[in-house]
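J.: Take a look and give me a structure for this.
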Amino acid sequence: MRKSGNPFIKFTGYLLIGFFLLIIILSFGMPDMGLNCGGMDPGTIAIVNGEKIHTLEYLRYRDTKFSQFKNQNMDSFILDNFVLEILLLQEAQKTGIKVTENQISRYITNSPDFKNPQTGQYDPKHFQMVLNNNRLNFDEFNKLLTKDMTISDFRFLVSTGAAVPSEDIEAKNLVENSKIRIKYAHLTPEQIKKNYSKDISVTEEEIDNEIKNKNVTITDPETDRVRIKNELLDQKLEAVKEKIASQIDNSAQKGASFSNTSSILKGKIFFSEPFKIGEKIKPLNDEESTVSSIENSKIFINNIMTMPLNSSSPVISSNTGLYIFTPIERSIQKKTRDTETNEKTRNDLAYDSINMITH
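T.: Residues are numbered from 1 along each chain as shown. Model (predicted):
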């Protein structure tokens, strides 16, 4: 098992995507990321460092990893993430990282997604059913999984100092001198129910129609009607959440400010304490607020280092409610470190790499 006491090795994904892209740009210059335009092969959606990326590859990525954003006009956001993954994959391939058939096989047989819920064991039929539900054949799935595992291995190597060690030292130096603060808004399920009580209320007539239209067998009129009412209530609540999210996401995509989208959300506003890249987010003055839904989301990981100050993120939806955030302070100071300090850092990273891999 991979363990380490080194906080550098525990950096979260947004360092390894957003910040590593910064390192690539600083070290090698801005990558060539041409997007589809007039005169380009219509089957090509982007050209990344000279590599043509087929539109079908992007669509497969979008439908597999961002199905929750369907019909929310998030193509620009998803394409940015797709290009970032291509950049990381290209860097991984330069280092010679390869995923073996045994790794693929172990992942498939050990993944809980492909185990029969009744037996708890890997089931080829269940595996095929999951692929069919995602409109994938095995070759397409194998390609997606190989890419994800290659990028994952590369992130691990970067975080342990086993790849591009000089860039790792530079990254650690910058991270130690980074400072971020965010403002965020949170609309709880209880607040949604209060604000949209008329929209989510369920009438007796609607319960009767649900029973009739779905041919529900009633065994206990009192408890069954309560159950059906709660199911309809949950459906309406989700519909309201999706409507709010869609409105805010459309505004955020057009560059709306946080103040604009927070007025749509109508949630409570919070501020965070200053934190460094990779650190946990803490609400200012220990206010009662749940921030794990923000810091663990792909939206936060992929955007916090690049989005303009006071601009709005898309909506983060979870069972604790709806969230949006904006960076209100973000600075990364590059301080010159002496040779002795850099060498000590290099040795520490090398030691942690060996210790983590062997333990």
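J.: Go ahead and confirm F258 touches Y323.
T.: No - using Cβ atoms under 8 Å, F258 is not in contact with Y323, being 11.8 Å away. The way it works is simple: take the backbone N, C-alpha and C, and place the C-beta from them, glycine included.
J.: Find the residues that touch each one of these two.
T.: Residues touching both F258 and Y323 (Cβ atoms under 8 Å, 6 or more residues apart in numbering) are A185.
J.: Return stretch 226-241 as PDB; C-alpha atoms alone will do.
T.: Only the C-alpha atoms of stretch 226-241 are listed here, as PDB (Å, rounded to 0.1, in the frame of the first residue of the first chain):
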ATOM      1  CA  VAL A 226     -47.100   8.100   2.000                       C
ATOM      2  CA  ARG A 227     -44.300   6.200   0.200                       C
ATOM      3  CA  ILE A 228     -45.500   7.300  -3.200                       C
ATOM      4  CA  LYS A 229     -45.900  10.900  -2.000                       C
ATOM      5  CA  ASN A 230     -42.300  10.900  -0.800                       C
ATOM      6  CA  GLU A 231     -41.100   9.500  -4.100                       C
ATOM      7  CA  LEU A 232     -42.900  12.200  -6.000                       C
ATOM      8  CA  LEU A 233     -41.500  14.800  -3.600                       C
ATOM      9  CA  ASP A 234     -38.000  13.600  -4.200                       C
ATOM     10  CA  GLN A 235     -38.500  13.700  -8.000                       C
ATOM     11  CA  LYS A 236     -39.800  17.300  -7.800                       C
ATOM     12  CA  LEU A 237     -36.900  18.300  -5.600                       C
ATOM     13  CA  GLU A 238     -34.400  16.900  -8.000                       C
ATOM     14  CA  ALA A 239     -36.100  18.700 -10.900                       C
ATOM     15  CA  VAL A 240     -35.900  22.000  -9.000                       C
ATOM     16  CA  LYS A 241     -32.200  21.400  -8.300                       C
END
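J.: what comes up buried for it?
T.: Neighbour counts over stretch 226-241 (16 or more other Cβ atoms under 10 Å) mark I228, K229, L232, K236, L237, V240, K241 as buried.
J.: OK, contacts around the fifth one?
T.: For L237, the contacting residues are P189, I192, K193, I200, by Cβ under 8 Å, 6+ apart.
J.: what's the spacing between it and N195?
T.: 11 Å (Cβ to Cβ, to the nearest Å).
J.: now the third one
T.: Relative to N195, L232 is positioned 19 Å away (criterion: Cβ to Cβ).
J.: State the helix or strand in which L131 lies.
T.: helix 124-133 (DSSP states H and E).
J.: Next, the buried residues of that helix.
T.: Buried, per 16+ other Cβ under 10 Å, within helix 124-133: H126, F127.
J.: can you check stretch 43-51 too?
T.: Buried-residue list, stretch 43-51, by 16+ other Cβ under 10 Å: T44, I45, A46, I47, V48.
J.: do the same with stretch 105-114
T.: I108, F114.
J.: who touches it?
T.: Taking Cβ under 8 Å, 6+ apart as the rule, stretch 105-114 contacts Y122, D123, H126, F127, V130, L145, M149.
J.: redo that, cut-off 7 Å
T.: Contacts of stretch 105-114 from elsewhere in the structure, counted by Cβ atoms under 7 Å, 6 or more residues apart in numbering, are Y122, H126, F127, V130, L145.
J.: And the average pLDDT for the helix or strand where F82 lies is what?
T.: F82 belongs to helix 75-94 when assigned by DSSP H and E. Average pLDDT, helix 75-94: 82.
J.: oh, and call the first residue 257 from now on, that's how I've got it
T.: With 257 as the first residue, the last one maps to helix 331-350.
J.: helices or strands next to it in the packing?
T.: For helix 331-350, the elements it packs on are helix 276-284, strand 300-304, helix 311-321, helix 394-416, judged by 3 or more Cβ pairs under 7 Å, 6 or more residues apart in numbering; DSSP states H and E.
J.: Only the buried residues of it, if you could.
T.: Here helix 331-350 shows 331, 333-335, 337-348 as buried, counting by 16+ other Cβ under 10 Å.
J.: Then stretch 559-571?
T.: Neighbour-count burial for stretch 559-571 [16+ other Cβ under 10 Å]: N559, I560, M561, T562, M563, S567, S568, S569, P570, V571.
J.: Any idea how far apart the tips of that stretch sit?
T.: Taking Cα to Cα, to the nearest Å, the span from the opening residue of stretch 559-571 to its closing residue is 12 Å.
J.: And stretch 507-523, by the same measure?
T.: First-to-last residue span, stretch 507-523, Cα to Cα: 17 Å.
J.: So which bits of it are buried?
T.: The neighbour-count check on stretch 507-523 (16+ other Cβ under 10 Å) flags S507, A508, Q509, A512, F514, T517, S518, I520, L521, G523 as buried.
J.: check which helix or strand covers the first one.
T.: Counting by DSSP H and E, the element that carries S507 is helix 477-509.
J.: Off-centre distance for that helix?
T.: Chain-centre distance of helix 477-509: 23 Å, with Cα atoms, centre = their mean, to the nearest Å.
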